[in-house]
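S.K.: compute the structure for the input listed below.
(one chain, ligands or ions: 2)
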Amino acid sequence: MTAKSAILEQCAELGWQAAVVPMARRAEAIERIAGLHRKGELDDAFYQEYLAPMFAEPLPETLTPRSLILVAVPDRPARMHFTLDGETFEVLTAPGYLRAPDPRPSAVIAEILKPFGRSIAPASAPLKTLGTMSGFSRYGRNNISYVPGLGSFTALAGFISDLECDDAAAQTQEALARCASCGACRAACPTGAIGDDRFLLHAERCITFWNEKEPSVPFPDWIDSRWHSALFGCLHCQRVCPENRPHLRQYFEGPAFDEATTRLLLAGATKEEIPPEAVPSLEAWRLMDLLAYLPRNLGAVLRAERLRREGGKMERGERR
Ligand code: SF4
Ligand code: SF4
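M.R.: Residues are numbered from 1 along each chain as shown. Ligands and ions are numbered 1, 2, ... in the order given. Predicted coordinates:
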C-alpha cells in the first residue's frame, strides 16, 4: 500500500475525506485569488484583512515541501442557550469558530506517514480554493465549499508534507452540479450577497464578514435586525441547501447561561468581571477570548430571535 492510499483509506474509515495534492497547487490557488483581487472582484478589505496575511506566511523549514494533504472532518454548528428577561434563547454559531482546532487529523496523518519516512507541517494556504482546484471539493452557489458526502458542515485541515505527489494539472473549479437547478441559497440569503451578476460572492454583503469584524465596528444600517442567525458566521444559506439535508439539526451542544451572566456578556464584561462559575464554560467554548464581540454579536442574535418570536412586529428600521 502506498502512503497516499493509506491516507485515503484510513480517513474514509473515520468518516473523513482526504486528498494529496502537489505543492505547486498552493501557489496556483494563491495566484487565482490574487488575480480576482487585481480584477476588483474581491473586496479589498476582505483580501487585506484575511487573505494577504495568510499568503505571506513562510513555508515550514522542517521538511522539503512536496505536497499538501487535505483532510475534511464533519463539523457542526455550536448550540448554546442564553437567558434574558426570563426567556431562554437558543443561539447557534456556525462551525469553525468556537471549538479548538481538531487535533485528530494532524495526529492521524502523522501516524500514517511515519512508516513511510514522511512527515507533515501546518499549512497556511487557501484550503477552500485548493480543494476546489484539486477536485476534492466543489463550490456551492453560496461560495461555500462542499465535500462530497459531508456537505458544507466540514472542517478543512491542511498539511504540507514531504510526501511525493504527481504534478497533475489543476482542475477547473466546478460548482456543485445541483446548483444548476437549485438556487435555494440565493433565495434564502437576506443580504443579496449571492448575486445574479456573477458567481463570486459579494463578500462585503455577507453577514459573516460583518460579525467577524473588530468588535468596535458596528453593523451597518442596511443589515436588518432580523437577519442575524448566528453568534459568528451565518447559517441561512447552508440550512436550506439540499446537500446539507442529511447533516441538519446536528449540533455540538454548548453551555446554557443564566440571566445574570447573559446580561454581563451583553454589557461587555471583561474577564475579571465574569463570575467564577461561568469561566469554565466560556473558556471551553473559546468565548473568554471573544468577550469583546458579545455585546454586538450576542445582542444582535438575541434581538433577531426576539423579533422572530414577536412575529416581526417591530419596525424594519429598528436596527442596532
Ligand atoms: S442551496 Fe442549491 S444552489 Fe445553493 S449551494 Fe446548495 S445546491 Fe447549490
Ligand atoms: S452566509 Fe448568510 S449573508 Fe452570507 S451568503 Fe450565506 S446567507 Fe448570505
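S.K.: contacts, neighbours, all on C-alpha from now
M.R.: Fine.
S.K.: partner strands of the helix or strand Tyr146 falls within, with direction?
M.R.: Using DSSP states H and E, Tyr146 sits within strand 145-146. As defined by DSSP bridges, the strand partners of strand 145-146 come to strand 138-139 (antiparallel).
S.K.: contacting residues around the strand it pairs with?
M.R.: Strand 138-139 is contacted from outside by 131-132, 145-148, 173-176, using Cα atoms under 8 Å, 6 or more residues apart in numbering.
S.K.: stretch 185-203 too?
M.R.: So stretch 185-203 is in contact with 41-43, 46, 141-143, 204-207, 209, 223, 227, 236-238, 240-241, going by Cα under 8 Å, 6+ apart.
S.K.: give the ChimeraX command for selecting the buried subset of the residues you listed.
M.R.: To isolate the buried subset of the contacts of stretch 185-203 in ChimeraX, counting by 16 or more other Cα atoms under 10 Å, use the following:
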select :41,42,141,142,143,204,205,206,207,223,227,236,237,238,240,241
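S.K.: which of the contacts of stretch 185-203 are close to ligand 2?
M.R.: 142, 206-207, 236-237 (Cα under 6 Å from any ligand atom).
S.K.: centroid-nearest residue for this structure?
M.R.: The centroid of the chain falls nearest to Gly96 when counting by Cα atoms, centre = their mean (4.8 Å).
S.K.: could you pull up phi and psi at Phe82?
M.R.: phi -130, psi 150 (degrees, to the nearest 10).
S.K.: tell me the bridge partners for it.
M.R.: Phe89, Phe257.
S.K.: what's around it, how many residues?
M.R.: For Phe82, the neighbour count with other Cα atoms under 10 Å is 21.
S.K.: test my guess that it contacts Val91.
M.R.: Yes. Phe82 is within contact range of Val91, at 7.2 Å (criterion: Cα atoms under 8 Å).
S.K.: assign Leu68 to helix, strand or coil.
M.R.: Remark: Leu68 carries the secondary structure label strand [criterion: DSSP: H, G, I helix; E, B strand; the rest coil].
S.K.: surely it touches Ala157?
M.R.: No. No contact is recorded between Leu68 and Ala157 when judged using Cα under 8 Å, the distance being 10.2 Å.
S.K.: state the next helix or strand along the chain beyond the lowest-mean-pLDDT helix or strand in the chain.
M.R.: When the helices and strands of the chain are compared on mean pLDDT, DSSP states H and E, helix 44-46 comes out lowest with a mean of 82. Reading on from helix 44-46 to the C-terminus, the next helix or strand found by DSSP H and E is helix 52-55.
S.K.: buried stuff in that following helix?
M.R.: Within helix 52-55, the residues that qualify as buried are 54-55, counting by 16+ other Cα under 10 Å.
S.K.: could you pull up the mean pLDDT of it?
M.R.: The average of the pLDDT scores along helix 52-55 is 88.
S.K.: what about it, distance to the chain center?
M.R.: What separates the centre of helix 52-55 from the centre of its chain is 17 Å, taken as Cα atoms, centre = their mean, to the nearest Å.
S.K.: just the ones next to ligand 2 among the contacts of stretch 185-203 that are near ligand 1?
M.R.: On the criterion Cα under 6 Å from any ligand atom, Asn142 are the entries of these that sit beside ligand 1.
S.K.: hmm, which two among the ones next to ligand 2 among the contacts of stretch 185-203 are most spread apart?
M.R.: Taking every pair in these and measuring Cα to Cα, the maximum separation is 12.5 Å, between Asn142 and Ile207.
S.K.: now do the contacts for the closest residue to Gly233 other than its chain neighbours.
M.R.: Spatial nearest neighbour of Gly233, excluding adjacent residues (Cα to Cα, 6 or more residues apart in numbering): Thr208 at 4.3 Å. Neighbour list for Thr208: 232-234 [criterion: Cα under 8 Å, 6+ apart].
S.K.: next, count neighbours for Glu174.
M.R.: When neighbours are defined as other Cα under 10 Å, Glu174 has 13 of them.
S.K.: check Arg104 too.
M.R.: Arg104 has 11 neighbouring residues, counting by other Cα under 10 Å.
S.K.: secondary structure class of the closest residue to ligand 2 within the stretch 1-150 of the chain, three-state.
M.R.: Nearest residue of the stretch 1-150 of the chain to ligand 2, counting by Cα to the nearest ligand atom: Asn142, 5.4 Å away. State at Asn142, reduced to three classes by three-state DSSP: coil.
S.K.: my read: it touches Arg239, true?
M.R.: No. Here Asn142 lies out of contact with Arg239, judged by Cα under 8 Å, at a distance of 11.5 Å.
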